[in-house]
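**Q** The sequence and its predicted three-dimensional model are supplied below.
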Amino acid sequence: MTSLYAHAGGDEALHRLEEIFYTKVLDDPLLRTLFPERLPTHVDHLTWFTAESFGGPDRFTQNLGFDYLIQVHRHLEITDEQRERFVQLYLEAIDEAGLPDDEPFREAVREHLEFGSRVAQQNSHATTDAELHPLRDVPLWTWKESD
Ligand code: HEM
């Protein structure tokens with residue numbers, strides 16, 4: 001059974017991807033208002049999250065926890081355009097980082113991104129805890145090749 005994490009190329013590949021992605025985000029006119037400065041932890045934390053979600057080590061849950069992810073997105077009031085740009089830049093970064101381009105892998109990544117970005121957007125608008133998305137754990141993404 002191959003995890004998405006292993007197929008992607010493990011930590012080295014995911015870290016390269018997140019570095020390219022974060023640099024794009026910081027340079028983007030639509031996203032710059034949300035990301036005014038480079039945070040030294042962002043690339044590592046994104047790598048931990050993606051690795052765990054793809055079936056790799058659970059460093060995000062162990063070190064930060066899902067509540068942390070809820071808190072960092074709260075009150076950002078992410079617009080549809082910003083969410084869509086976030087997804088677009090991530091897909092570009094996957095190409096630029098040279099991650100596998102087989103369709104089952106790309107489809108799983110697209111699903112993960114669509115879902116995750118909608119959760120983040122919903123949480124960014126929640127004015128009460130009841131309005132938060134019900135997800136409370138890092139989701140574990142599987143794919144067709146994992147059987
Ligand atoms: C798959 C979906 C997403 C994941 C996995 C994710 C993950 C993360 C993580 C791990 C952090 C914490 C970074 C740190 O501790 O340094 C973070 C912060 C943040 N995220 Fe997201 N995020 C997602 C979607 C989005 C979207 C759609 C937006 C806006 C368009 C967004 C905007 C932000 C902002 C503004 C911060 C805080 C500022 C910063 O770290 O620079 N996120 N996100």
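**A** Done, it's in. Bear in mind the structure is a predicted one, so any value in this text is a computation, not a measurement.
**Q** Tell me how many other residues crowd the closest residue to the ligand within the chain.
**A** When you check the chain against the ligand by C-beta to the nearest ligand atom, the closest residue turns out to be Gly116, at 2.4 Å. Placement of C-beta: from N, CA and C, glycine included. For Gly116, the count of nearby residues is 21 (other C-beta atoms under 10 Å).
**Q** who's in contact with the one helix or strand it maps to?
**A** Under DSSP states H and E, the secondary-structure element containing Gly116 is helix 103-125. Under the contact criterion C-beta atoms under 8 Å, 6 or more residues apart in numbering, helix 103-125 has outside partners 4, 7-8, 53-54, 69-70, 73-78, 80, 83, 86-87, 90-91, 94, 99-100, 131-133, 135, 139, 141-145.
**Q** List the buried residues for that helix?
**A** Of the residues in helix 103-125, those buried under the neighbour-count criterion (16 or more other C-beta atoms under 10 Å) are 105, 108-109, 112-113, 116-117, 119-124.
**Q** ditto for stretch 54-63
**A** Phe54, Gly55, Gly56, Arg59, Phe60.
**Q** Same list, the residues you listed, but as CSV with secondary structure and distance to Pro29 please.
**A** Putting the buried residues of stretch 54-63 into CSV (DSSP: H, G, I helix; E, B strand; the rest coil; distance: C-beta to C-beta, whole Å) gives the following:
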residue, secondary structure, distance to Pro29
Phe54, coil, 30
Gly55, coil, 35
Gly56, coil, 33
Arg59, helix, 33
Phe60, helix, 29
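**Q** residue contacts, the residue nearest to Arg59 when sequence neighbours are not counted?
**A** Excluding the flanking residues, the one nearest Arg59 by C-beta to C-beta, 6 or more residues apart in numbering is Trp48, at 4.3 Å. Counting by C-beta under 8 Å, 6+ apart, Trp48 makes contact with Arg59, Phe60, Asn63, Leu64.
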